[in-house]
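Asker: Show me how the following folds:
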Amino acid sequence: MQHQNLRPVAIQNRIQTIDIIRGFALVGILTINFTVDHGLTEPWAGFTGFVDQLVYWPVAFFMNDKFLTIYAFLFGLGFSIQMLRAEERNSPFVFVYMRRLIVLYIIGVIHQILTAGDILRDYAMVGVLLLLVHKLPRKLLPVLAVLCFLVPWTRNTFFNKIEQPKQFNSNRIEVAVDTAILTTYVGVYEIEPGRRAIVTMENNKLFGEGRGGRSQWFAESETDFFSQSADFHFSFMKDSTGAVTGITMYLQNGKAVTARRIQMDIHQAVKEMVHQRAGIVKQTYRQFVVKNANGIWQGYKNWSWSGFFWGFKITGILPLFLMGLYFGRRKIFHDVSLNRSFLHKVMKWGLLIGMASFAIALGFKAWNYFNDIKDESYSFLTRHIMYAAWDFLGVMGMALGYVAGMALLLDKTDWKRRLSFLGPIGRMGLTNYLLQAAIISVLIDAYGFGLNGKAGPAWRLLMALVTFAFISFASRWWFKRFRMGPVEWLWRSLTYLKFQPMRLKETEGK
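Answerer: All right, here's what the predicted structure looks like:
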(Lines give C-alpha, C1' and ligand atoms only; values in the text may rest on other atoms or scores of the structure.)
Protein backbone atom coordinates (compact mmCIF):
# COMPACT_ATOMS: atom_id res chain seq x y z
CA MET A 1 0.00 0.00 0.00
CA GLN A 2 1.16 3.53 -0.73
CA HIS A 3 0.90 4.82 2.81
CA GLN A 4 3.55 2.30 3.88
CA ASN A 5 6.08 4.43 2.00
CA LEU A 6 5.44 7.37 4.29
CA ARG A 7 8.52 7.61 6.48
CA PRO A 8 11.12 10.18 7.47
CA VAL A 9 14.42 10.35 5.66
CA ALA A 10 17.00 7.84 6.82
CA ILE A 11 20.20 9.07 8.44
CA GLN A 12 22.36 7.82 5.58
CA ASN A 13 20.25 9.78 3.06
CA ARG A 14 20.65 13.14 4.78
CA ILE A 15 22.60 15.81 2.92
CA GLN A 16 25.41 16.75 5.29
CA THR A 17 26.00 20.11 3.62
CA ILE A 18 22.46 21.20 4.48
CA ASP A 19 22.86 20.07 8.11
CA ILE A 20 26.07 22.08 8.43
CA ILE A 21 24.50 25.18 6.88
CA ARG A 22 21.52 24.81 9.22
CA GLY A 23 23.95 24.56 12.14
CA PHE A 24 25.71 27.66 10.84
CA ALA A 25 22.36 29.48 10.74
CA LEU A 26 21.51 28.44 14.29
CA VAL A 27 24.86 29.72 15.60
CA GLY A 28 24.08 33.05 13.93
CA ILE A 29 20.55 33.13 15.37
CA LEU A 30 21.95 32.41 18.82
CA THR A 31 24.47 35.24 18.49
CA ILE A 32 22.03 37.89 17.26
CA ASN A 33 19.36 36.90 19.77
CA PHE A 34 21.83 37.45 22.56
CA THR A 35 23.54 40.59 21.28
CA VAL A 36 21.25 42.79 19.15
CA ASP A 37 17.80 41.28 18.88
CA HIS A 38 16.44 40.52 22.34
CA GLY A 39 15.82 43.48 24.60
CA LEU A 40 17.87 46.59 25.26
CA THR A 41 21.35 46.36 23.72
CA GLU A 42 21.53 49.32 21.35
CA PRO A 43 23.82 52.33 21.83
CA TRP A 44 20.70 54.50 22.13
CA ALA A 45 19.63 52.29 25.05
CA GLY A 46 22.73 53.47 26.92
CA PHE A 47 25.43 50.99 25.86
CA THR A 48 27.78 53.54 24.34
CA GLY A 49 31.10 52.07 25.51
CA PHE A 50 33.73 51.29 22.89
CA VAL A 51 33.70 47.52 23.44
CA ASP A 52 29.89 47.34 23.37
CA GLN A 53 29.73 49.31 20.13
CA LEU A 54 32.59 47.25 18.69
CA VAL A 55 30.32 44.23 19.17
CA TYR A 56 26.99 45.83 18.30
CA TRP A 57 27.65 47.42 14.90
CA PRO A 58 29.52 44.51 13.22
CA VAL A 59 26.97 41.98 14.49
CA ALA A 60 24.14 44.23 13.30
CA PHE A 61 25.75 44.58 9.87
CA PHE A 62 26.98 41.06 9.16
CA MET A 63 24.52 38.95 11.13
CA ASN A 64 21.27 40.65 12.17
CA ASP A 65 18.26 39.15 10.33
CA LYS A 66 20.50 37.24 7.88
CA PHE A 67 20.67 34.00 9.81
CA LEU A 68 16.96 33.80 10.56
CA THR A 69 16.57 34.42 6.83
CA ILE A 70 18.82 31.43 6.12
CA TYR A 71 16.74 29.35 8.56
CA ALA A 72 13.56 30.28 6.66
CA PHE A 73 15.26 29.59 3.32
CA LEU A 74 16.16 26.10 4.56
CA PHE A 75 12.50 25.45 5.40
CA GLY A 76 11.55 25.95 1.76
CA LEU A 77 14.52 23.84 0.73
CA GLY A 78 13.42 21.06 3.08
CA PHE A 79 9.91 21.21 1.62
CA SER A 80 11.25 20.68 -1.90
CA ILE A 81 13.46 17.77 -0.82
CA GLN A 82 10.50 16.08 0.91
CA MET A 83 8.39 16.63 -2.19
CA LEU A 84 11.02 15.18 -4.54
CA ARG A 85 11.57 12.12 -2.36
CA ALA A 86 7.83 11.52 -2.08
CA GLU A 87 7.54 11.67 -5.86
CA GLU A 88 10.44 9.24 -6.26
CA ARG A 89 8.69 6.77 -3.92
CA ASN A 90 5.29 7.46 -5.50
CA SER A 91 4.04 8.29 -2.01
CA PRO A 92 1.17 10.61 -1.05
CA PHE A 93 2.56 13.91 0.12
CA VAL A 94 -0.05 16.59 0.73
CA PHE A 95 -1.75 15.11 3.80
CA VAL A 96 1.54 14.17 5.43
CA TYR A 97 2.88 17.64 4.77
CA MET A 98 -0.26 19.26 6.21
CA ARG A 99 0.03 17.15 9.37
CA ARG A 100 3.65 18.24 9.57
CA LEU A 101 2.62 21.90 9.44
CA ILE A 102 -0.17 21.44 11.98
CA VAL A 103 2.26 19.85 14.43
CA LEU A 104 4.78 22.64 13.78
CA TYR A 105 2.07 25.21 14.45
CA ILE A 106 1.20 23.59 17.78
CA ILE A 107 4.89 23.49 18.73
CA GLY A 108 5.06 27.17 17.78
CA VAL A 109 2.12 28.05 20.03
CA ILE A 110 3.72 26.24 22.97
CA HIS A 111 7.04 27.93 22.19
CA GLN A 112 5.42 31.35 22.14
CA ILE A 113 3.64 30.78 25.43
CA LEU A 114 6.68 29.41 27.26
CA THR A 115 9.44 31.66 25.86
CA ALA A 116 7.70 34.44 23.88
CA GLY A 117 9.05 32.97 20.62
CA ASP A 118 6.99 33.90 17.60
CA ILE A 119 8.33 32.58 14.27
CA LEU A 120 7.34 28.90 14.07
CA ARG A 121 3.62 29.60 13.83
CA ASP A 122 4.32 31.93 10.93
CA TYR A 123 6.41 29.26 9.23
CA ALA A 124 3.56 26.78 9.55
CA MET A 125 0.97 29.19 8.15
CA VAL A 126 3.10 30.35 5.22
CA GLY A 127 4.19 26.76 4.57
CA VAL A 128 0.64 25.97 3.47
CA LEU A 129 1.03 28.43 0.60
CA LEU A 130 3.93 26.42 -0.81
CA LEU A 131 1.46 23.69 -1.70
CA LEU A 132 -0.23 26.14 -4.08
CA VAL A 133 2.94 26.96 -6.00
CA HIS A 134 5.23 23.93 -5.72
CA LYS A 135 4.32 22.72 -9.22
CA LEU A 136 4.86 26.05 -10.94
CA PRO A 137 7.63 26.18 -13.55
CA ARG A 138 10.93 26.40 -11.71
CA LYS A 139 12.01 29.64 -13.34
CA LEU A 140 8.93 31.44 -12.04
CA LEU A 141 9.79 30.88 -8.37
CA PRO A 142 12.45 33.66 -8.03
CA VAL A 143 10.15 36.04 -9.92
CA LEU A 144 7.28 35.19 -7.58
CA ALA A 145 9.60 35.68 -4.59
CA VAL A 146 10.42 39.22 -5.73
CA LEU A 147 6.76 40.00 -6.41
CA CYS A 148 5.72 38.76 -2.95
CA PHE A 149 7.83 41.52 -1.47
CA LEU A 150 7.48 44.19 -4.14
CA VAL A 151 3.70 44.18 -4.57
CA PRO A 152 2.80 44.63 -0.85
CA TRP A 153 5.67 47.13 -0.44
CA THR A 154 4.42 49.18 -3.40
CA ARG A 155 0.86 49.07 -2.13
CA ASN A 156 1.81 50.07 1.42
CA THR A 157 4.17 52.79 0.21
CA PHE A 158 2.24 54.46 -2.61
CA PHE A 159 -1.37 53.33 -2.59
CA ASN A 160 -2.33 52.66 1.01
CA LYS A 161 -4.84 55.21 2.16
CA ILE A 162 -3.37 57.19 5.01
CA GLU A 163 -5.78 58.76 7.43
CA GLN A 164 -5.61 62.53 7.47
CA PRO A 165 -4.47 63.61 10.90
CA LYS A 166 -6.27 66.18 12.92
CA GLN A 167 -5.24 69.71 12.01
CA PHE A 168 -2.89 71.12 14.59
CA ASN A 169 -0.98 74.34 15.02
CA SER A 170 1.50 74.00 12.11
CA ASN A 171 3.98 76.42 13.70
CA ARG A 172 3.91 74.55 16.98
CA ILE A 173 3.40 77.68 19.02
CA GLU A 174 2.91 76.86 22.67
CA VAL A 175 -0.08 78.45 24.36
CA ALA A 176 -0.74 78.95 28.04
CA VAL A 177 -3.18 76.58 29.71
CA ASP A 178 -4.54 77.00 33.21
CA THR A 179 -2.75 74.81 35.74
CA ALA A 180 -6.08 73.51 37.06
CA ILE A 181 -6.85 72.12 33.60
CA LEU A 182 -3.40 70.55 33.25
CA THR A 183 -3.86 68.84 36.59
CA THR A 184 -6.93 66.99 35.32
CA TYR A 185 -4.82 65.34 32.63
CA VAL A 186 -2.36 63.76 35.04
CA GLY A 187 -2.97 60.04 35.22
CA VAL A 188 -2.38 56.59 33.73
CA TYR A 189 -3.69 55.68 30.27
CA GLU A 190 -3.75 52.16 28.82
CA ILE A 191 -3.15 51.61 25.11
CA GLU A 192 -3.48 47.82 25.39
CA PRO A 193 -2.93 45.31 28.21
CA GLY A 194 0.62 45.78 29.49
CA ARG A 195 1.26 48.95 27.44
CA ARG A 196 0.63 52.31 29.07
CA ALA A 197 1.16 56.03 28.62
CA ILE A 198 1.57 58.04 31.82
CA VAL A 199 1.03 61.79 32.08
CA THR A 200 2.78 63.62 34.90
CA MET A 201 3.17 67.30 35.77
CA GLU A 202 6.22 69.17 37.00
CA ASN A 203 6.54 72.95 37.41
CA ASN A 204 3.18 73.43 35.68
CA LYS A 205 4.30 71.48 32.61
CA LEU A 206 3.07 68.11 31.37
CA PHE A 207 5.37 65.18 30.67
CA GLY A 208 4.65 61.87 29.00
CA GLU A 209 6.21 58.63 30.25
CA GLY A 210 6.27 55.76 27.78
CA ARG A 211 8.35 52.80 26.68
CA GLY A 212 10.45 55.12 24.51
CA GLY A 213 11.32 57.48 27.35
CA ARG A 214 10.15 60.71 28.98
CA SER A 215 9.20 63.77 26.93
CA GLN A 216 7.64 67.15 27.59
CA TRP A 217 4.23 67.89 26.12
CA PHE A 218 3.56 71.43 24.90
CA ALA A 219 0.03 72.83 24.71
CA GLU A 220 -1.45 74.06 21.43
CA SER A 221 -4.89 74.42 22.97
CA GLU A 222 -6.63 73.32 26.13
CA THR A 223 -6.89 69.74 24.85
CA ASP A 224 -4.20 69.45 22.15
CA PHE A 225 -0.49 68.93 22.80
CA PHE A 226 2.65 68.09 20.87
CA SER A 227 6.00 66.50 21.68
CA GLN A 228 9.08 67.90 20.00
CA SER A 229 11.21 64.85 20.72
CA ALA A 230 8.92 62.33 18.99
CA ASP A 231 7.03 64.53 16.52
CA PHE A 232 3.68 63.28 17.85
CA HIS A 233 0.43 65.09 18.64
CA PHE A 234 -1.92 64.28 21.51
CA SER A 235 -5.54 65.17 22.17
CA PHE A 236 -7.24 64.55 25.48
CA MET A 237 -10.78 63.17 25.27
CA LYS A 238 -13.56 64.16 27.65
CA ASP A 239 -17.06 62.92 28.31
CA SER A 240 -20.21 65.03 28.54
CA THR A 241 -19.41 65.95 32.14
CA GLY A 242 -15.94 67.21 31.25
CA ALA A 243 -14.11 64.28 32.86
CA VAL A 244 -10.98 63.17 31.03
CA THR A 245 -11.52 59.68 29.58
CA GLY A 246 -8.48 59.09 27.40
CA ILE A 247 -5.90 60.31 24.91
CA THR A 248 -5.82 60.08 21.14
CA MET A 249 -2.22 59.98 19.90
CA TYR A 250 -1.68 61.04 16.30
CA LEU A 251 1.42 59.54 14.72
CA GLN A 252 3.31 61.14 11.86
CA ASN A 253 2.02 58.58 9.34
CA GLY A 254 -1.50 59.74 10.03
CA LYS A 255 -2.59 56.83 12.17
CA ALA A 256 -4.30 57.45 15.49
CA VAL A 257 -3.85 55.35 18.63
CA THR A 258 -6.27 55.66 21.53
CA ALA A 259 -5.39 55.13 25.18
CA ARG A 260 -8.16 54.98 27.77
CA ARG A 261 -7.75 56.36 31.27
CA ILE A 262 -7.49 53.73 34.01
CA GLN A 263 -7.48 53.89 37.78
CA MET A 264 -3.94 53.22 39.00
CA ASP A 265 -1.55 54.84 41.45
CA ILE A 266 0.54 57.12 39.28
CA HIS A 267 3.69 56.83 41.39
CA GLN A 268 3.60 53.06 41.12
CA ALA A 269 2.91 53.27 37.38
CA VAL A 270 5.89 55.61 36.83
CA LYS A 271 8.12 53.33 38.88
CA GLU A 272 7.10 50.31 36.79
CA MET A 273 7.59 52.24 33.55
CA VAL A 274 11.09 53.36 34.54
CA HIS A 275 11.95 49.81 35.54
CA GLN A 276 10.48 48.49 32.31
CA ARG A 277 12.66 50.81 30.25
CA ALA A 278 15.65 49.61 32.24
CA GLY A 279 14.60 46.01 31.74
CA ILE A 280 14.35 45.22 35.45
CA VAL A 281 10.64 44.67 35.99
CA LYS A 282 10.39 41.46 38.01
CA GLN A 283 7.61 39.03 37.35
CA THR A 284 6.94 35.40 38.04
CA TYR A 285 7.17 32.82 35.32
CA ARG A 286 3.44 32.27 35.67
CA GLN A 287 2.84 35.96 34.94
CA PHE A 288 5.19 35.72 31.95
CA VAL A 289 3.30 32.72 30.55
CA VAL A 290 -0.12 34.28 31.14
CA LYS A 291 1.00 37.46 29.37
CA ASN A 292 2.22 35.46 26.37
CA ALA A 293 -0.99 33.41 26.24
CA ASN A 294 -3.07 36.59 26.36
CA GLY A 295 -0.98 37.99 23.53
CA ILE A 296 -1.75 34.94 21.39
CA TRP A 297 -5.44 35.20 22.20
CA GLN A 298 -5.51 38.90 21.31
CA GLY A 299 -3.76 38.03 18.06
CA TYR A 300 -6.47 35.50 17.23
CA LYS A 301 -9.22 38.01 18.00
CA ASN A 302 -7.62 40.67 15.79
CA TRP A 303 -6.49 38.34 13.00
CA SER A 304 -7.37 39.39 9.47
CA TRP A 305 -6.75 38.11 5.97
CA SER A 306 -5.64 41.58 4.98
CA GLY A 307 -2.96 41.63 7.65
CA PHE A 308 -1.80 38.17 6.57
CA PHE A 309 -1.49 38.90 2.86
CA TRP A 310 -0.09 42.41 3.14
CA GLY A 311 2.09 41.86 6.18
CA PHE A 312 5.38 40.26 7.14
CA LYS A 313 4.30 36.67 6.46
CA ILE A 314 4.02 37.33 2.74
CA THR A 315 6.67 40.03 2.33
CA GLY A 316 9.25 38.56 4.72
CA ILE A 317 8.81 34.79 4.91
CA LEU A 318 7.21 33.56 1.69
CA PRO A 319 9.97 34.95 -0.60
CA LEU A 320 12.54 32.98 1.40
CA PHE A 321 10.47 29.79 1.25
CA LEU A 322 10.14 30.25 -2.50
CA MET A 323 13.89 30.71 -2.95
CA GLY A 324 14.50 27.58 -0.87
CA LEU A 325 11.99 25.74 -3.04
CA TYR A 326 13.81 26.99 -6.15
CA PHE A 327 17.20 25.77 -4.91
CA GLY A 328 15.67 22.43 -3.98
CA ARG A 329 13.96 21.99 -7.34
CA ARG A 330 17.32 22.62 -9.03
CA LYS A 331 18.95 20.06 -6.69
CA ILE A 332 21.74 22.51 -5.96
CA PHE A 333 22.88 20.71 -2.81
CA HIS A 334 22.63 17.22 -4.20
CA ASP A 335 25.79 17.84 -6.22
CA VAL A 336 27.46 21.15 -5.45
CA SER A 337 30.28 20.51 -7.93
CA LEU A 338 27.85 20.53 -10.85
CA ASN A 339 26.38 23.84 -9.67
CA ARG A 340 29.57 25.74 -8.80
CA SER A 341 29.05 28.35 -11.54
CA PHE A 342 25.51 29.11 -10.33
CA LEU A 343 26.62 29.28 -6.69
CA HIS A 344 29.52 31.60 -7.55
CA LYS A 345 27.08 34.01 -9.20
CA VAL A 346 24.68 33.86 -6.25
CA MET A 347 27.52 34.48 -3.80
CA LYS A 348 29.04 37.36 -5.77
CA TRP A 349 25.86 39.24 -6.59
CA GLY A 350 24.12 38.38 -3.32
CA LEU A 351 26.95 39.76 -1.21
CA LEU A 352 27.55 42.74 -3.49
CA ILE A 353 23.92 43.88 -3.67
CA GLY A 354 23.15 42.81 -0.12
CA MET A 355 26.09 44.52 1.55
CA ALA A 356 25.64 47.72 -0.45
CA SER A 357 21.92 47.89 0.41
CA PHE A 358 22.46 46.95 4.01
CA ALA A 359 25.30 49.46 4.37
CA ILE A 360 22.92 52.20 3.19
CA ALA A 361 20.17 51.12 5.62
CA LEU A 362 22.46 50.59 8.62
CA GLY A 363 24.37 53.77 7.79
CA PHE A 364 21.04 55.58 7.86
CA LYS A 365 20.42 54.27 11.38
CA ALA A 366 23.96 55.08 12.52
CA TRP A 367 23.80 58.59 11.06
CA ASN A 368 20.54 59.26 12.88
CA TYR A 369 21.96 57.92 16.14
CA PHE A 370 25.22 59.87 16.11
CA ASN A 371 23.46 63.07 15.00
CA ASP A 372 20.47 62.63 17.31
CA ILE A 373 17.97 62.59 14.44
CA LYS A 374 14.60 60.87 14.87
CA ASP A 375 13.53 58.42 12.16
CA GLU A 376 10.11 60.05 12.28
CA SER A 377 11.58 63.30 10.99
CA TYR A 378 12.04 61.72 7.54
CA SER A 379 9.27 61.37 5.00
CA PHE A 380 7.12 58.27 4.85
CA LEU A 381 8.65 57.34 1.45
CA THR A 382 12.23 57.71 2.68
CA ARG A 383 11.59 55.42 5.62
CA HIS A 384 9.96 52.81 3.37
CA ILE A 385 12.89 52.91 0.96
CA MET A 386 15.24 52.27 3.88
CA TYR A 387 12.97 49.42 4.95
CA ALA A 388 13.24 47.86 1.47
CA ALA A 389 17.01 48.27 1.48
CA TRP A 390 17.26 46.53 4.86
CA ASP A 391 14.59 43.85 4.79
CA PHE A 392 14.72 42.72 1.18
CA LEU A 393 17.78 43.70 -0.83
CA GLY A 394 20.13 43.76 2.14
CA VAL A 395 18.96 40.82 4.19
CA MET A 396 17.99 38.45 1.37
CA GLY A 397 21.03 39.30 -0.73
CA MET A 398 23.50 38.71 2.08
CA ALA A 399 21.70 35.59 3.31
CA LEU A 400 21.74 33.95 -0.12
CA GLY A 401 25.36 35.01 -0.52
CA TYR A 402 26.22 33.32 2.78
CA VAL A 403 24.40 30.12 1.77
CA ALA A 404 26.13 29.96 -1.60
CA GLY A 405 29.51 30.71 -0.04
CA MET A 406 29.06 28.02 2.61
CA ALA A 407 28.01 25.48 -0.04
CA LEU A 408 31.14 26.22 -2.09
CA LEU A 409 33.33 26.04 0.99
CA LEU A 410 31.83 22.72 2.07
CA ASP A 411 32.48 21.30 -1.37
CA LYS A 412 36.12 21.21 -0.29
CA THR A 413 36.89 18.09 1.75
CA ASP A 414 39.17 19.83 4.25
CA TRP A 415 36.64 22.54 5.04
CA LYS A 416 33.81 20.06 5.29
CA ARG A 417 35.81 18.18 7.90
CA ARG A 418 36.68 21.38 9.80
CA LEU A 419 33.08 22.56 9.90
CA SER A 420 31.56 19.14 10.53
CA PHE A 421 31.02 20.08 14.20
CA LEU A 422 28.08 22.21 12.99
CA GLY A 423 26.38 19.14 11.49
CA PRO A 424 24.96 17.71 14.76
CA ILE A 425 23.65 21.19 15.67
CA GLY A 426 21.84 21.39 12.34
CA ARG A 427 20.52 17.82 12.47
CA MET A 428 18.48 18.71 15.53
CA GLY A 429 17.81 22.22 14.28
CA LEU A 430 14.32 22.59 15.74
CA THR A 431 15.38 21.29 19.16
CA ASN A 432 18.37 23.63 19.27
CA TYR A 433 16.31 26.59 18.06
CA LEU A 434 13.89 26.06 20.94
CA LEU A 435 16.71 25.36 23.40
CA GLN A 436 18.63 28.55 22.65
CA ALA A 437 15.39 30.55 22.90
CA ALA A 438 14.68 29.04 26.33
CA ILE A 439 18.20 29.78 27.59
CA ILE A 440 18.06 33.38 26.38
CA SER A 441 14.63 33.86 27.93
CA VAL A 442 15.80 32.63 31.34
CA LEU A 443 18.88 34.85 31.27
CA ILE A 444 17.35 38.01 29.80
CA ASP A 445 13.66 38.17 30.68
CA ALA A 446 12.30 39.58 33.91
CA TYR A 447 11.11 36.29 35.43
CA GLY A 448 14.65 34.86 35.28
CA PHE A 449 17.98 36.61 35.80
CA GLY A 450 16.56 39.80 34.27
CA LEU A 451 19.75 40.90 32.47
CA ASN A 452 17.82 43.01 29.96
CA GLY A 453 19.11 46.56 30.24
CA LYS A 454 21.98 45.46 32.51
CA ALA A 455 24.26 43.40 30.28
CA GLY A 456 25.52 45.09 27.13
CA PRO A 457 26.40 43.49 23.77
CA ALA A 458 29.94 42.54 24.87
CA TRP A 459 28.77 40.56 27.90
CA ARG A 460 25.94 39.07 25.90
CA LEU A 461 28.37 37.92 23.21
CA LEU A 462 30.31 36.07 25.90
CA MET A 463 27.08 34.43 27.07
CA ALA A 464 26.32 33.47 23.48
CA LEU A 465 29.70 31.76 23.11
CA VAL A 466 29.18 29.78 26.33
CA THR A 467 25.67 28.79 25.20
CA PHE A 468 27.01 27.74 21.81
CA ALA A 469 29.66 25.56 23.44
CA PHE A 470 26.97 23.89 25.55
CA ILE A 471 24.64 23.29 22.59
CA SER A 472 27.50 21.95 20.47
CA PHE A 473 28.58 19.50 23.19
CA ALA A 474 24.98 18.45 23.93
CA SER A 475 24.25 17.83 20.22
CA ARG A 476 27.33 15.65 19.74
CA TRP A 477 26.57 13.73 22.96
CA TRP A 478 22.96 13.22 21.89
CA PHE A 479 23.73 11.75 18.47
CA LYS A 480 26.09 9.22 19.96
CA ARG A 481 23.00 7.72 21.57
CA PHE A 482 19.97 8.76 19.54
CA ARG A 483 19.11 9.04 15.87
CA MET A 484 17.21 12.37 16.02
CA GLY A 485 16.60 15.29 18.37
CA PRO A 486 13.82 15.04 20.96
CA VAL A 487 11.58 17.69 19.37
CA GLU A 488 12.29 16.25 15.91
CA TRP A 489 11.23 12.85 17.26
CA LEU A 490 7.96 14.31 18.54
CA TRP A 491 7.40 16.22 15.30
CA ARG A 492 7.98 13.20 13.09
CA SER A 493 6.07 10.78 15.29
CA LEU A 494 2.98 13.00 15.20
CA THR A 495 3.43 13.68 11.49
CA TYR A 496 3.65 10.00 10.51
CA LEU A 497 1.16 8.92 13.23
CA LYS A 498 3.66 6.38 14.48
CA PHE A 499 6.33 6.42 17.17
CA GLN A 500 9.68 6.72 15.42
CA PRO A 501 12.67 4.65 16.56
CA MET A 502 14.77 6.88 18.81
CA ARG A 503 17.78 5.05 20.21
CA LEU A 504 20.48 4.06 17.75
CA LYS A 505 20.28 0.42 18.83
CA GLU A 506 16.60 0.39 17.80
CA THR A 507 17.61 0.90 14.16
CA GLU A 508 20.45 -1.62 14.08
CA GLY A 509 19.81 -4.49 11.71
CA LYS A 510 16.86 -2.75 10.06
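Asker: What segments of this protein are strands?
Answerer: For the chain, applying DSSP state E gives strands covering 187-192, 195-202, 205-210, 213-219, 224-227, 232-238, 244-250, 256-262.
Asker: So for the last one, mean pLDDT?
Answerer: By that I understand strand 256-262. Regarding strand 256-262, the rounded mean pLDDT is 84.
Asker: now Met273: how far from Tyr189?
Answerer: 12 Å (C-beta to C-beta, to the nearest Å). Where C-beta positions appear, they are placed from N, C-alpha and C, glycine not excepted.
Asker: More neighbours: these two, which one.
Answerer: Neighbour count, other C-beta atoms under 10 Å: between Met273 and Tyr189, Tyr189 has more, with 26 against 20.
Asker: what bridges to the residue lying closest to the more buried one once chain neighbours are set aside?
Answerer: Spatial nearest neighbour of Tyr189, excluding adjacent residues (C-beta to C-beta, 6 or more residues apart in numbering): Ala259 at 3.8 Å. Beta bridges link Ala259 to Ile247, judged by DSSP bridges.
Asker: ok, Ala259 - contacts?
Answerer: Counting by C-beta atoms under 8 Å, 6 or more residues apart in numbering, Ala259 makes contact with Tyr189, Glu190, Ile191, Arg196, Ala197, Gly246, Ile247, Met249.
Asker: Now rank these by neighbours and give me the top one.
Answerer: Highest neighbour count within those: Tyr189, with 26 neighbours (other C-beta under 10 Å).
Asker: Is it in contact with Gln263, as I believe?
Answerer: No: the pair Tyr189 and Gln263 does not pass the contact test of C-beta atoms under 8 Å, sitting 11.2 Å apart.
Asker: one step back: could you name every residue contacting both of Met273 and Tyr189?
Answerer: Common neighbours of Met273 and Tyr189 (C-beta under 8 Å, 6+ apart) are Arg196, Ile198.
Asker: Any stretches of the stretch 401-510 of the chain with poor pLDDT?
Answerer: For the stretch 401-510 of the chain, the stretches with pLDDT under 70 are 506-510.
Asker: Other residues contacting stretch 428-437?
Answerer: 19, 22-23, 25-26, 29-30, 33, 71, 74, 107, 111, 115, 117, 425, 467, 471, 474-475, 478-479, 484-488, 491.
Asker: Look up how far Asn204 lies from Val177.
Answerer: 9 Å.
Asker: Counting neighbours, go ahead and name the busier of those two.
Answerer: Of the pair Val177 and Asn204, Val177 is the one with more neighbours under other C-beta under 10 Å, namely 20 against 11.
Asker: hang on, the earlier thing: which of the contacts of Ala259 sits closest to Arg99?
Answerer: Ile191 (39.2 Å; C-beta to C-beta).
Asker: just checking, the closest one touches Ile262?
Answerer: No: contact criterion C-beta under 8 Å: Ile191 and Ile262 do not qualify, at 10.5 Å.
Asker: wait, what's in contact with Arg99?
Answerer: So Arg99 contacts Leu494, Thr495, Leu497 (C-beta under 8 Å, 6+ apart).
Asker: Give me the buried entries from those residues.
Answerer: Among the contacts of Arg99, those classed as buried by neighbour count (16 or more other C-beta atoms under 10 Å) are Leu494, Thr495.
Asker: Among the contacts of stretch 428-437, the buried ones, what's the ChimeraX command?
Answerer: In ChimeraX, a selection of the buried entries from these looks like this (16+ other C-beta under 10 Å):
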select :19,22,23,25,26,29,30,33,71,74,107,111,115,117,425,467,471,474,475,478,479,484,485,487,488,491
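Asker: What's the biggest helix in this protein, counting residues?
Answerer: Assignment by DSSP state H gives helix 340-370 as the longest helix of the chain.
Asker: what about that helix, average pLDDT?
Answerer: What helix 340-370 shows for mean pLDDT is 87.
Asker: Name the residues that touch stretch 187-204?
Answerer: Applying C-beta under 8 Å, 6+ apart, the contact partners of stretch 187-204 are 179, 182-183, 185-186, 206-211, 217, 244, 246-247, 249, 257-264, 266, 269-270, 273, 291, 294, 298.
Asker: cutoff 6 Å now
Answerer: With contact meaning C-beta atoms under 6 Å, 6 or more residues apart in numbering, stretch 187-204 is reached by 179, 182, 185-186, 206-207, 209-210, 247, 259-262, 264, 266, 269-270, 273.
Asker: next one: stretch 15-29
Answerer: By C-beta under 6 Å, 6+ apart, stretch 15-29 touches 63, 67-68, 70-71, 74, 333, 406, 410, 419, 422-423, 425-427, 429, 432, 468.
Asker: Give me the subset of those that lies in helices.
Answerer: Among the contacts of stretch 15-29, the members found in helices (DSSP H) are 67-68, 70-71, 74, 406, 410, 422-423, 425-427, 429, 432, 468.
Asker: which of the residues you listed lies closest to Phe392?
Answerer: Phe392 lies nearest to Leu68 out of the ones in helices among the contacts of stretch 15-29, by C-beta to C-beta, at 14.2 Å.
Asker: My guess is Val346 contacts Val403. True?
Answerer: No: with contact defined as C-beta atoms under 6 Å, Val346 does not count as touching Val403 (7.7 Å).
Asker: Which one of the two is surrounded by more residues?
Answerer: Val403 (29 against 22).
Asker: which stretches of the stretch 101-250 of the chain form helices?
Answerer: Taking DSSP state H, counting those that start in this stretch, the helices of the stretch 101-250 of the chain run over residues 120-133, 140-154, 179-185.
Asker: next one: the stretch 251-400 of the chain
Answerer: Along the stretch 251-400 of the chain, the segments classed as helices by DSSP H, counting those that start in this stretch run 266-278, 285-301, 305-310, 312, 318-329, 340-370, 380-388, 395-410.
Asker: mind checking the end-to-end distance for stretch 308-318?
Answerer: With C-alpha to C-alpha, to the nearest Å as the measure, stretch 308-318 spans 11 Å from end to end.
Asker: Show the average pLDDT along it.
Answerer: Rounded mean pLDDT across stretch 308-318 is 76.
Asker: before we move on, the earlier item: name the helices or strands packed onto the longest helix of the chain?
Answerer: With contacts defined as 3 or more C-beta pairs under 6 Å, 6 or more residues apart in numbering; DSSP states H and E, helix 340-370 has these neighbours: helix 395-410.
Asker: List the contacts of the helix it packs on.
Answerer: With contact meaning C-beta under 6 Å, 6+ apart, helix 395-410 is reached by 17, 20-21, 24, 65-66, 69-70, 336, 343, 346-347, 350-351, 353-354, 415-416.
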